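In: 3D model of this:
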Amino acid sequence: MLEISGLMWAGTIGVIVLLLAVDLVLAAWRPHRIGFREASLWSILYVLVAVGFGVWFASAHGGTFGAEYFAGYIVEKSLSVDNLFVFVIIMTTFLVPEEHQHKVLTFGIVLALIMRGIFIAVGATLLSLFTFMFLLFGLLLIFTAVQLFRHRNEDPDVENNVVVKTARKIIPVTDDYVGGKIFTRVDGRRLATPLFVVLVAIGGVDLLFALDSIPAVFGVTEEPYIVFTANAFALLGLRALFFLVKGLLDRLVYLSAGLAVILAFIGVKLILHWAHVDISASVPEVPTPLSLGIIIGILVVVTVASLVKTRNDPSAKAHAGCLHAQRDTTTDSG
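Out: Residues are numbered from 1 along each chain as shown. Just a heads-up that it's a prediction; the model follows:
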């Protein structure tokens, strides 16, 4: 078992909060269009921070836990790219000005960290009390993988999302972004701006992704500290990665299919672990180094195949994928 003191937990959370605070201050102090050079520098910085933490963590707690951290980080990083697809869809749907996208993403990451922190605490508690939760988590990931693969060529309908529609009905919303404010006053009335609706949409998306990503990372490690840090460092780099690769996202045509395979693989791994513990020790388990190699291999194959496909067929376009078929609104009015 990995033993992490309360002081270490506090210090880790403090560093993550500090990095988030810097992002928030920069977004509020100087809203602007994030260029390729700036996005590259921030992306490199966050990757170096994540890798540096992993190297220190492995040296301090052993290579096994270090491998689990890096496997969890890569899983979360790969799943977070699918987050980026949906973020792009949300930004496009609500016509978010480029100078405010930094702020939206930073708040979205804060919401994601809060929700994933809650899911990690609940998930770790359930796994420690009931070993059959490994079976349930495994089945959930396999179901998600099947649905994602079936609908890999579709995009989520953000505008008709029930959370977004409810928010619009309950809270009056202005027509414009009012300088990037979340709330404003018009004729003495307190109104929300479209930025509030965007944050609600991103929060709802973050909740759905947490339902998949937390069981997935528990598939490579049972340690709550590793699950939290892998999620946190993967999400911290998400804001810069959005501006760095959003032009490339359309070319990753096989990403959704690849993520479906990864989720299915981790689901099987969780079920094997449950069977090993609850049924028979003779049931084989998938070791972490092998999991890491398989996940990296899938991502490499998906990326190369996608780039080759779009080079040969420029009209091919990637989709975020979704868990259920989208309603065809074009036939409703006929």
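In: Flag the shaky bits of the stretch 51-200 of the chain, pLDDT-wise.
Out: 159-161 (pLDDT under 70).
In: Do a quick rundown of the strands in it.
Out: Remark: strands assigned in the stretch 51-200 of the chain by DSSP state E, counting those that start in this stretch are 183-186, 189-192.
In: Let me know which of these is the nearest to V198.
Out: V198 sits nearest to strand 189-192 of all the strands of the stretch 51-200 of the chain, at 10.3 Å, using Cβ to Cβ. Glycine gets a C-beta too; all of them are placed from N, C-alpha and C.
In: Which secondary structure elements does that closest one sit against?
Out: Using 3 or more Cβ pairs under 8 Å, 6 or more residues apart in numbering; DSSP states H and E, the elements in contact with strand 189-192 are strand 183-186.
In: mind listing what the strand it packs on pairs with, with the direction of each?
Out: As defined by DSSP bridges, the strand partners of strand 183-186 come to strand 189-192 (antiparallel).
In: what does the model give A257 for pLDDT?
Out: As predicted, A257 sits at a pLDDT of 91.
In: burial of it, as a residue count?
Out: Neighbourhood size, A257 [other Cβ atoms under 10 Å]: 19.
In: Report the separation between it and V286.
Out: A257 is 21 Å from V286, where distance means Cβ to Cβ, to the nearest Å.
In: before we move on, what about F242?
Out: Taken as Cβ to Cβ, the span from F242 to V286 is 32 Å.
In: likewise S213?
Out: For S213, the distance to V286 - Cβ to Cβ - is 19 Å.
In: Comparing the two, which residue is more hemmed in?
Out: More crowded of S213 and V286, by other Cβ under 10 Å: S213, with 29 against 17.
In: doesn't N231 make contact with that one?
Out: Yes - using Cβ atoms under 8 Å, S213 is in contact with N231, at 7.0 Å.
In: okay, and the common contacts of these two?
Out: 76, 116 (Cβ atoms under 8 Å, 6 or more residues apart in numbering).
In: and whatever helix or strand Y46 lives in, which residues are buried?
Out: Here Y46 sits within helix 36-61, counting by DSSP states H and E. By neighbour count on 16 or more other Cβ atoms under 10 Å, the buried set for helix 36-61 is 39, 42-43, 46-47, 50, 53-54, 57-58, 61.
In: Output those as a markdown table; include the columns distance to L24.
Out: Formatted as a markdown table, the buried residues of helix 36-61 follow (distance: Cβ to Cβ, whole Å):
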| residue | distance to L24 |
| --- | --- |
| A39 | 17 |
| W42 | 14 |
| S43 | 18 |
| Y46 | 15 |
| V47 | 21 |
| A50 | 20 |
| F53 | 21 |
| G54 | 25 |
| F57 | 26 |
| A58 | 31 |
| H61 | 31 |
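In: Show me which of those is closest to V96.
Out: Nearest to V96 among those is A39, at 16.5 Å by Cβ to Cβ.
In: residue contacts, the closest one?
Out: 240-244.
In: Just among these, which is most surrounded?
Out: Going by other Cβ under 10 Å, F242 tops these with 26 neighbours.
In: and I4, that one's in a strand?
Out: No - counting by DSSP: H, G, I helix; E, B strand; the rest coil, I4 is not found in a strand; it is coil.
In: How far does the helix holding Y46 sit from its chain's centre?
Out: Centroid separation between helix 36-61 and its chain, computed with Cα atoms, centre = their mean, to the nearest Å, is 17 Å.
In: so what secondary structure elements neighbour the helix or strand where L20 lies?
Out: Using DSSP H and E, L20 falls within helix 6-29. If you count contacts as 3+ Cβ pairs under 8 Å, 6+ apart, helix 6-29 packs onto helix 98-129, helix 224-236.
In: okay, the angle between the helix holding Y46 and helix 98-129?
Out: Interaxial angle of helix 36-61 relative to helix 98-129 (axes from the mean of the first three to the mean of the last three Cα atoms, to 10 degrees): 20 degrees.
In: got the angle between helix 36-61 and helix 224-236?
Out: 170 degrees.
In: between helix 36-61 and helix 6-29, how big is the angle?
Out: 180 degrees.
In: All further residue positions should be reported with the first residue as 69.
Out: All right, first residue 69 from here; so that's helix 104-129.
In: Now do the closest residue to R258 other than its chain neighbours: how many residues are near it, please.
Out: Leaving out its chain neighbours, the residue that sits closest to R258 by Cβ to Cβ, 6 or more residues apart in numbering is F251, at 6.0 Å. Neighbourhood size, F251 [other Cβ under 10 Å]: 13.
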